[in-house]
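In: Generate a structure from the sequence data that follows.
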Amino acid sequence: MTVYPLLSVLFILAFSLLIAELLSEKTKLNRPLSYLIIGFIISEILTRNGIDVYLRADNFSAIVFQGLLPLILFEMTLSLVRPSKKELFKCSGLAVYMLLIFVPFASVLVYFLMGQSDYFPPIAAVITIAVIAAIEPACSQLNAAAGRINAKIRAQIETETLISDAIAAVLFSLALMIAQGTLLAESVGMEIVTSLLKLTLGGLFAGISCGYLAVTIKPFFTSNTSSLLLSLTLTYASYFIAESLIGASGVVAVLAAGVIYRLKMNKQKSFRPLKTSWHSIGYYADAWLFLLLGMTFTLDMFSERWLAMLIIVFALLLGRIVAGLSGYYLFKPYAGAVLAKPMLNGIIFGNYSGALAIALVFSLPEQLSYWWTIQAMVFGVVFYALLIQLPLFNYLNRKLK
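Out: Reported below is the predicted structural model:
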């Protein structure tokens, strides 16, 4: 009998998606958790019966980071709720401020609580925090909370997500260069500054250039199908040019391209059907990502790294409370328009570690001795977000209205 590995994998994934969707509908579990659970169960059944599905953590980097992540990021930019210019400035300032407080505070906390400087050096703590600083809005594709969130609070959450993801991706790349020895931590001068500018400005240049080019040639593509194909090409082209040709951040490039495309195309008639199509694309890309996460998860992570998981969750929660509370009273986003408590709920619990965090941790090279520990810690954060943070956010959002 002929063996079709790719066909087998596609069938297993499609079947798993169907079962996970059914589980979510019948049990009212949030969808990311449903996909994660089904992914784990299917993987366990197959591996215990000696069936190789060719899906392992060591080959997920290309699938997740280059295949699924650009789709998720681009869709996120198309779905952004646009705040006023005044509130956009406040939300942007709040997002940058929270990262400036959260990253060093949480990194130091994790490093000292881990207490293993030989095995878990300071740069490992920075990498871990950079990963969990990459966030996803609670009103994202796989969550049902979008329709119940005040538009202004949603704008604040999504603006923070956009900026946080770009900065976190750049910080992660810099920290990874230092950890691998391609960038010396001692050279806190032109080399680090140059790398930072290359990652950020190079990504912005690639994304903005591709975005404007796509907008310029859009009149030649009149059908909904061709418009969708143009936007898909824009997504992968901006990512490819940034990562492969410039050596910049592909995440920054896709976010920049998406923002430009949305701003320029928002008022055209073709934008609504395009946005609808991307809604489905983003939904299933997100679903596949959590399904794949479940397939790589092992019980050994909990039994061997449970303390590390608790440490990172504690650092995440305390860091967001410190950064969120101080940031709220400093920037006062939407003062007078939204009650303080719903806004504070959005700042502290409105974002969770999701798609980008998973993609980043899958891209960690196995040459780093602590890569599996960081992966386990991030998986622990994702479980915390799905089991506790998102339900708590939705509950408080309903009660505080």
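In: For the stretch 101-250 of the chain, just list every one of the helices.
Out: 122-133, 151-180, 190-217, 224-240, 250-265 (DSSP state H, counting those that start in this stretch).
In: and Ala285, which of the ones you listed is closest to it?
Out: Among the helices of the stretch 101-250 of the chain, the nearest to Ala285 by Cβ to Cβ is helix 224-240 (10.7 Å). Every C-beta, even on glycine, is put in place using the N, C-alpha and C of the backbone.
In: give the contact list for Val322.
Out: 101-102, 105 (Cβ atoms under 8 Å, 6 or more residues apart in numbering).
In: Can you tell me the SS state at Val81?
Out: coil (DSSP: H, G, I helix; E, B strand; the rest coil).
In: correct me, but it touches Thr161?
Out: No: contact criterion Cβ atoms under 8 Å: Val81 and Thr161 do not qualify, at 11.3 Å.
In: Out of the contacts of Val322, who's the most crowded?
Out: Phe102 (24 neighbours; other Cβ atoms under 10 Å).
In: give me every residue that touches that one.
Out: Contacts of Phe102 (Cβ under 8 Å, 6+ apart): 129, 133, 319-320, 322-323.
In: One more pass at 6 Å, please.
Out: By Cβ atoms under 6 Å, 6 or more residues apart in numbering, the contact set of Phe102 is 319, 323.
In: Go ahead and flag the most central residue of this structure.
Out: Nearest to the centroid of the C-alpha atoms of the chain, with distances taken as Cα atoms, centre = their mean, sits Leu356, at 2.5 Å.
In: quick one: what helix or strand has that one in it?
Out: helix 355-362 (DSSP states H and E).
In: Packing partners of the helix or strand harbouring Phe290?
Out: Using DSSP H and E, Phe290 sits in helix 271-296. Helices and strands touching helix 271-296, by 3 or more Cβ pairs under 6 Å, 6 or more residues apart in numbering; DSSP states H and E, are helix 31-48, helix 69-78, helix 224-240, helix 355-362.
In: any idea which of those helices is most buried?
Out: Highest mean neighbour count of these: helix 355-362, a mean of 27 (counted as mean count of other Cβ atoms under 10 Å).
In: Flag the shaky bits of this protein, pLDDT-wise.
Out: Residue ranges of the chain with pLDDT under 70: 1-6, 51-61, 83-84, 138-150, 183-190, 332-341, 400-401.
In: That one - how does it break down into domains?
Out: 5-55, 60-399 (automatic domain parsing).
In: Quick check: which of the ones you listed is buried the most?
Out: For the domains of the chain, where neighbours mean mean count of other Cβ under 10 Å, the stretch averaging the most is domain 60-399, with a mean of 20.
In: now the lengthiest helix in the chain against helix 31-48, angle please.
Out: Secondary structure of the chain per DSSP state H: the longest helix is helix 299-331. For helix 299-331 against helix 31-48, the angle by axes from the mean of the first three to the mean of the last three Cα atoms, to 10 degrees is 160 degrees.
In: The next helix or strand after helix 299-331 vs helix 299-331, what angle?
Out: Counting by DSSP H and E, the next helix or strand C-terminal to helix 299-331 is helix 340-349. Between helix 340-349 and helix 299-331, the angle comes out at 140 degrees (the same axes, to 10 degrees).
In: Are there helices or strands packed against helix 340-349, and which ones?
Out: Using 3+ Cβ pairs under 6 Å, 6+ apart: helix 340-349 touches helix 151-180, helix 299-331, helix 390-399.
In: Pull the distance from the helix or strand following that helix to the chain's centre.
Out: Using DSSP H and E, the next helix or strand after helix 340-349 towards the C-terminus is strand 351-352. In this view, strand 351-352 has its centroid 9 Å away from the chain centroid, taken as Cα atoms, centre = their mean, to the nearest Å.
In: what pairs with strand 351-352, and is each one parallel or antiparallel?
Out: strand 136-137 (antiparallel) (DSSP bridges).
In: returning to that earlier point: make JSON lines out of the helices and strands packed on helix 271-296 and add distance to Leu386.
Out: Output for these, formatted as JSON lines (distance: least, Cβ to Cβ, whole Å):
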{"stretch": "helix 31-48", "distance to Leu386": "4"}
{"stretch": "helix 69-78", "distance to Leu386": "16"}
{"stretch": "helix 224-240", "distance to Leu386": "26"}
{"stretch": "helix 355-362", "distance to Leu386": "12"}
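In: Out of those, which is closest to Tyr284?
Out: Going by Cβ to Cβ, the one of the helices and strands packed on helix 271-296 nearest Tyr284 is helix 69-78, 8.7 Å.
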